[in-house]
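In: Predicted coordinates and the sequence they were generated for:
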Amino acid sequence: MEVVVLAAGQGKRMRSVLPKVLQPLAGKPMLAHVLETARTLEARRICVVYGHGGEVVRERLDAPDLAWARQAPQLGTGHAVQQALPHLSDDDMALVLYGDVPLIGVPTLRRLAAAAGGERLALLTVTLDEPQGYGRILRDTAGRVVRIVEDKDASADERKVQEVNTGVLVAPVARLRDWLGRIGNDNAQGEYYLTDIIGLAVADGVEVATVQPDAVAETLGVNSKAQLAELERLHQGHIARRLLDEGVTLIDPARLDVRGRLVCGRDVEIDVNCVFEGEVELGDEVHIGAHCVVRNARIGAGSRIAPFSHIDGSVMGQGCVIGPFARTRPGTVLGADVHLGNFVEVKNSVIADHSKANHLAYVGDADVGRKVNIGAGTITCNYDGANKHRTIIEDEVFIGSDTQLVAPVRVGRGATLGAGTTLTKDAPPEQLTVSRAKQLSIANWKRPVKQPR
């Protein structure tokens, strides 16, 4: 099997400088979804036909397993497939897909390929209640496909046909090469229609088989932001149903966005308006509160992420309690039973088991031991304006509120830092270290009074 992906459309109705096939669906370009499907089919060769904004498309998605064919000028779908022919082998079958039809399913395509066998032409068709705008499948009295007529070229009777062409087909490459060399552009658009090969196949005595998709949504294309939004919700609905079938509790399946891959253990609960991006793994009995964003993270069993928290590039052990309004940034590794409270930010740091920073703290470029308590208002001063430096906090340290640790610095095991301390030198273990100005009370001091104008 060889795959041709037509991705040359400009997408004027998108009203965007971004090429249509790069418009995002579930966090990645529509074309990336189609290429992923082609790879799942284990295609021997994948050729992308590009045009408008083509160099941007190629730069974003180029890979060793892709061939690229430029279509310029753009003279229709038949002309587009012709550009891919130099990359295809005559002794193989070709599957034609579209970069703006991102939800096409692998099971449907496998059935289509099976229907084509090694010598037939197989079409993916769908029956619609309102088929306006689609090419109609015309059959003879025996039910055999004889040709496809485009909506613009159809007669009034032909427009009543509800079975329509999706554009997706499988055909022998050698036959496809011959048919495309024989089609013309005598139509309302003056274009070379890929659909015209159907009549040529029938005339050549090649059987034309048809297959219907598992779901109509698989065949829906995108030409506007409104259609893109509709497909986004359809796709997210499919993901939500899969998660529900796997035993995940979704408080409202309509208010979930997965923009990558989400893997959940048993008895996971996800509240409303949560966004999951990249690769996310949730262990057993993890609870994600409302309005959280979780990106490229692994969260251990029994952990609870309170509302409005952002988890990015982080790994958490079991039983962590995070948030609300907490943020972990890339490079964060938390042990078991770590607590990060409201308005706590952690970046590029390792925090060991049972340590806590319950509110208003910043821990950056630090190694924090076990059973450490980090008081409110504590920050690691890790950046000197040019370079980052590391802070080491050993086990069982107590850090008082409003403390600044000016890196590089080490706090010894069991040390206590008094509130308001600015630590610029290592604190010895098992001792109290305090750095603050002497408290003074000034008698007879008068508060300034605003002078009348």
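Out: Okay, I see it.
In: Please enumerate the helices of the stretch 1-150 of the chain.
Out: Taking DSSP state H, counting those that start in this stretch as the test, the helices found in the stretch 1-150 of the chain are 30-40, 54-61, 77-84, 106-116.
In: Then the stretch 301-450 of the chain?
Out: Along the stretch 301-450 of the chain, no stretch is classed among the helices by DSSP H, counting those that start in this stretch.
In: nearest to residue 126, of the helices of the stretch 1-150 of the chain?
Out: Residue 126 lies closest, by Cβ to Cβ, to one member of the helices of the stretch 1-150 of the chain: helix 106-116, at 10.3 Å. C-betas here are computed from N, CA, C, even on glycine.
In: got the angle for the closest one vs helix 30-40?
Out: Helix 106-116 runs at 60 degrees relative to helix 30-40, counting by axes from the mean of the first three to the mean of the last three Cα atoms, to 10 degrees.
In: How about helix 106-116, which residues are buried there?
Out: Applying a neighbour-count criterion of 16 or more other Cβ atoms under 10 Å, the buried positions in helix 106-116 are 108-109, 111-113, 115-116.
In: Residues contacting the helix or strand of the chain with the lowest mean pLDDT, please?
Out: None of the helices or strands of the chain scores lower by mean pLDDT, DSSP states H and E than helix 54-61, at a mean of 90. When contacts are defined by Cβ atoms under 8 Å, 6 or more residues apart in numbering, helix 54-61 is touched by residues 7-8, 18-19, 21-22, 29, 31-32, 35, 48, 50, 68, 70.
In: which stretches of the stretch 201-350 of the chain aren't confidently modelled?
Out: For the stretch 201-350 of the chain, applying pLDDT under 70 flags no range at all.
In: re the thing from before, ok, so of the buried residues of helix 106-116, who is nearest residue 365?
Out: For residue 365, the closest of the buried residues of helix 106-116 turns out to be residue 109, at 48.4 Å, with distances computed as Cβ to Cβ.
In: How many residues are close by the closest residue to the closest one other than its chain neighbours?
Out: Using Cβ to Cβ, 6 or more residues apart in numbering and skipping the chain neighbours, the partner closest in space to residue 109 is residue 41 (6.1 Å). If you count neighbours by other Cβ atoms under 10 Å, residue 41 ends up with 16.
In: phi, psi of the nearest residue to residue 13 once chain neighbours are set aside?
Out: Nearest in space to residue 13, with sequence neighbours left out and distances taken as Cβ to Cβ, 6+ apart, is residue 224 at 4.4 Å. When read as degrees, to the nearest 10, the backbone of residue 224 gives phi -150, psi 170.
In: separation between residue 74 and residue 9?
Out: Between residue 74 and residue 9 the distance is 8 Å, computed by Cβ to Cβ, to the nearest Å.
In: got any residues that touch both of those two?
Out: Contact with both residue 74 and residue 9 is made by residues 51-52, according to Cβ under 8 Å, 6+ apart.
In: Give me the more crowded residue out of those two.
Out: With neighbours defined as other Cβ under 10 Å, residue 74 and residue 9 compare such that residue 9 has more, 24 against 16.
In: List the contacts of the more buried one.
Out: If a contact means Cβ under 8 Å, 6+ apart, then residue 9 has 20-21, 51-52, 74, 99-100 as its contacts.
In: and if you look at residue 256?
Out: 236, 239-240, 243, 250, 270, 272, 274.
In: now the strands: where do they sit in the stretch 1-150 of the chain?
Out: Secondary structure of the stretch 1-150 of the chain (DSSP state E, counting those that start in this stretch): strands at 2-7, 24-25, 28-29, 45-50, 66-70, 93-98, 121-127, 136-139, 145-149.
In: Pull up the pairing partners for the fourth one, direction included.
Out: In other words, strand 45-50. Strand pairing for strand 45-50, using DSSP bridges, gives strand 2-7 (parallel), strand 66-70 (parallel).
In: How far does that strand sit from its chain's centre?
Out: 22 Å (Cα atoms, centre = their mean, to the nearest Å).
In: With stretch 44-53 instead?
Out: For stretch 44-53, the separation from the chain centroid amounts to 21 Å (computed by Cα atoms, centre = their mean).
In: ok, back up a step: mean pLDDT added to the strands of the stretch 1-150 of the chain, as TSV?
Out: Formatted as TSV, the strands of the stretch 1-150 of the chain follow (pLDDT from 0 to 100):
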stretch	mean pLDDT
strand 2-7	97
strand 24-25	96
strand 28-29	96
strand 45-50	96
strand 66-70	95
strand 93-98	98
strand 121-127	97
strand 136-139	95
strand 145-149	92
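In: closest one to residue 391 among the ones you listed?
Out: Distances from residue 391 to each of the strands of the stretch 1-150 of the chain were compared by Cβ to Cβ, and the smallest falls on strand 28-29, at 37.0 Å.
In: contacts for that closest one?
Out: With Cβ under 8 Å, 6+ apart as the test, strand 28-29 has contacts from 21-23, 60-61, 259-260.
In: buried stuff in stretch 421-428?
Out: Of the residues in stretch 421-428, those with enough neighbours to count as buried (16+ other Cβ under 10 Å) are 421, 423, 427.
In: returning to what we had before: between the strands paired with strand 45-50, which gets nearest to residue 410?
Out: Taking Cβ to Cβ as the criterion, residue 410 comes closest to strand 66-70 out of the strands paired with strand 45-50, the separation being 51.0 Å.
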